[in-house]
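Asker: Quick check, what structure comes out for this input:
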Amino acid sequence: MLALSTNHVTQASGILARHRRSAILAVLAAMLALPMAGEARAGTYVINNCPSAPGANGNPGPWTVFGAPQNTKGSCTGGPGNWIGPEGGSMSPGALDGVQVVVPAASGITIREARIWWVVPHQGSGADTFALASVNTGVVEESDTPKDSSVTPDEWVLPSNTTELTLADYCSNDDAGNGCGFGAGENANLELLGSQLTLADSNLPSGTVTGGALAGTGTLAGTESLTYNAQDPDSGVRLVQLLLDGRPVAQRDYLPDCPYESFAACPTTVSDEIRWNTTSANNGTHELALRVLNAAGNATIVDEHTVTINNPGIGVNGSISGRGPHIANGDPCAGEELELAVNGRRRPPVLTYGRPVTVRGVLHCGTVPIRGAQIAIATLGGPASAANGTSVQTALDGSFSYEVPTGPARQLRFSYTAYSDDPAPSATATAAIRIRPRISLKINPHSSSNEHTIHWTGTVTGGPYPAQGVTLDVEVKERRGWRIFAQVVAGRKGHFGYDYRFHATDEPTTYTFRVALPQPGAQGYPYAWGASNTVNVHVSP
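Answerer: Reported below is the predicted structural model:
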């Protein structure tokens, strides 16, 4: 049975005097000194680490733990709330520990922006502690502890030459030479729960053409190929494109191999082949080239030469002998790309059931929009939806939008077929529609006493509901997190009820309750994790 109790956190007792702040800055300056990267115009890309970051993951990426007096937690695997950082029972006066990310030496990478979810507790005894965020050029933020940015992250725009970011817990020397005590040896001194870094890369990728008919200057017909090697030791190889007269006509996209979790967000070397059907171009002489792009969008033209295309058998009305009608879908150029955003965001947001959901996209060939094209829409897996069999048409600028019908979480595939006789789509893109249910909770009464009962009722809005109902965790707020102490099942119409009797409240206490789907969701219920509103109940002994 649940035995709830209140927790009290000791607040910081003061602010560092000016001479103590100077001492901290001196320590950090000595520790963080690095050569400064030169100013350069560069493309940017974003990496995410640990569970609280967008696209939650268990990878700490380039972050490392330093200065841990006893223990180090270097893995952030697990559900939301997991972290990396130093653990220890005590710290010496003037000591620092925390987490740090350092750009690889001699690379073209710098850190431009940072969103950080982190927590620095106050020590249990001894001198005061302070949370410090610094870059190689100075302090970004300093605050008394306890510091809690576990829900709303700190956001910093950093100097353009930033090559190091450090999050530190500082034990001051304001207690007559006594250090800082954190209790047991596994208590956290600092927790990095999530990080989103915007990185700039000033270097260009490189590559070589190694063979294939498209690499020569002879006459081409039908489907031909080109083989290549591409390298980028900094942000990694993101895309390789075959250009015809400056426009992409075929490509190899390495996004599936790009986790965007470390400085090298994509593979640093690739050896591959591009195949292209020359019948999609007019007969005659053309300029052919290969372009390599890295994860930051920086591009290099690797090879450029003249080729002649001669495809016999082209009939009237654009038909090709033996293939039937060859009708264009819009203005194709055989190098099409689809870009999608859900409610204006490239990384799909989690939206509450009933909120309007719009998928917007653009169909283009390099920088040229494809207008007047039909984009087919289908649901991937899960329950069938009204999306199957529908399509949208691109506008003059290649853009399109689709209002998603109300329903559960699902994935929609958008596909474009350049010509009516093509055996497969020329471009596809998938939009993850992440929906959480709308969960309402009522508790009566809001004021009770030990040995008395409170009544919970509520509704989970968002079908279809599984035959076994929807399992919900019953939770109480404890410090920064939530503790599960029971489960309740919402029936086929989404309604639930629950009674709880207090039995161990021996002092006046206000509890905060909620119900939530289990992580990562309820079995058989196609919705993302979500929680109800919170309800406070005051209980007297």
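Asker: Walk me through the domains of this structure.
Answerer: If the domains of the chain are taken from automatic domain parsing, they occupy 18-201, 206-312, 336-435, 438-540, with pieces of a single domain joined by a plus sign.
Asker: any chance of these in JSON lines, plus mean neighbour count and mean pLDDT?
Answerer: All C-beta spots, glycine's among them, are computed from the backbone N, C-alpha and C. Written out in JSON lines, the entries for the domains of the chain read as follows (neighbours: other C-beta atoms under 10 Å; pLDDT from 0 to 100):
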{"stretch": "domain 18-201", "mean neighbour count": "19", "mean pLDDT": "80"}
{"stretch": "domain 206-312", "mean neighbour count": "18", "mean pLDDT": "91"}
{"stretch": "domain 336-435", "mean neighbour count": "17", "mean pLDDT": "83"}
{"stretch": "domain 438-540", "mean neighbour count": "16", "mean pLDDT": "92"}
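Asker: Serialize the ones you listed to TSV and add fields for distance to residue 330.
Answerer: As requested, the domains of the chain are arranged in TSV below (distance: least, C-beta to C-beta, whole Å):
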stretch	distance to residue 330
domain 18-201	29
domain 206-312	13
domain 336-435	3
domain 438-540	34
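Asker: Which of the ones you listed sits closest to residue 329?
Answerer: Ranking the domains of the chain by proximity to residue 329 (C-beta to C-beta) places domain 336-435 first, at 5.0 Å.
Asker: quick one: the closest one to chain centroid distance?
Answerer: The offset between the C-alpha centroid of domain 336-435 and the centroid of the whole chain comes to 20 Å, using C-alpha atoms, centre = their mean, to the nearest Å.
Asker: gap between the two ends of that domain?
Answerer: One end of domain 336-435 sits 30 Å from the other (C-alpha to C-alpha, to the nearest Å).
Asker: Offset the numbering so it begins at 39, please.
Answerer: Let's use 39 as the start, then, which means that last one is domain 374-473.
Asker: So residue 294: helix, strand or coil?
Answerer: When classified by DSSP: H, G, I helix; E, B strand; the rest coil, residue 294 comes out as helix.
Asker: contacting residues around it?
Answerer: With contacts taken as C-beta atoms under 8 Å, 6 or more residues apart in numbering, residue 294 has no neighbouring residues.
Asker: Now do it against residue 271, distance only.
Answerer: Residue 294 sits 21 Å away from residue 271 when distances are taken as C-beta to C-beta, to the nearest Å.
Asker: now swap in residue 436 and tell me
Answerer: In this view, residue 436 and residue 271 are 34 Å apart by C-beta to C-beta.
Asker: Residue 377 now?
Answerer: Distance from residue 377 to residue 271, counting by C-beta to C-beta: 27 Å.
Asker: can you check residue 531 too?
Answerer: In this structure, residue 531 and residue 271 are 58 Å apart, going by C-beta to C-beta.
Asker: before we move on, what about residue 486?
Answerer: Applying C-beta to C-beta, one obtains 64 Å for the distance of residue 486 from residue 271.
Asker: what does residue 478 give?
Answerer: On the measure of C-beta to C-beta, residue 478 and residue 271 end up 53 Å apart.
Asker: The nearest residue in space to residue 382 that is not next to it in sequence: which element?
Answerer: In this structure, residue 382 finds its nearest non-sequential neighbour in residue 398, 7.0 Å apart by C-beta to C-beta, 6 or more residues apart in numbering. In this structure, residue 398 sits in strand 395-403 according to DSSP states H and E.
Asker: Give me the next element, helix or strand, following that strand.
Answerer: Next along the chain after strand 395-403, taking DSSP H and E as the criterion, comes strand 406-407.
Asker: packing partners for the host helix or strand of residue 415?
Answerer: Assignment of secondary structure by DSSP H and E places residue 415 within strand 412-418. In this structure, strand 412-418 packs against strand 428-431, strand 448-454, with contacts taken as 3 or more C-beta pairs under 8 Å, 6 or more residues apart in numbering; DSSP states H and E.
Asker: Throw those strands into JSON lines and include distance to residue 108, thanks.
Answerer: JSON lines is the format used below for those (distance: least, C-beta to C-beta, whole Å):
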{"stretch": "strand 428-431", "distance to residue 108": "59"}
{"stretch": "strand 448-454", "distance to residue 108": "45"}
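Asker: what about the ones you listed, which gets the closest to residue 409?
Answerer: strand 428-431 (8.9 Å).
Asker: Please export the C-alpha coordinates of that closest one as PDB.
Answerer: Output of strand 428-431 as PDB, limited to C-alpha atoms (Å, rounded to 0.1, in the frame of the first residue of the first chain):
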ATOM      1  CA  THR A 428      -6.200   9.900 -51.600                       C
ATOM      2  CA  SER A 429      -3.700  12.400 -53.100                       C
ATOM      3  CA  VAL A 430      -2.800  16.100 -53.100                       C
ATOM      4  CA  GLN A 431      -1.500  18.300 -55.800                       C
END
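Asker: neighbouring strands for it, and are they parallel or not?
Answerer: As defined by DSSP bridges, the strand partners of strand 428-431 come to strand 412-418 (antiparallel).
Asker: Hey, what's the angle from the partner strand to strand 395-403? Just curious.
Answerer: Put simply, strand 412-418 runs at 130 degrees to strand 395-403, going by axes from the mean of the first three to the mean of the last three C-alpha atoms, to 10 degrees.
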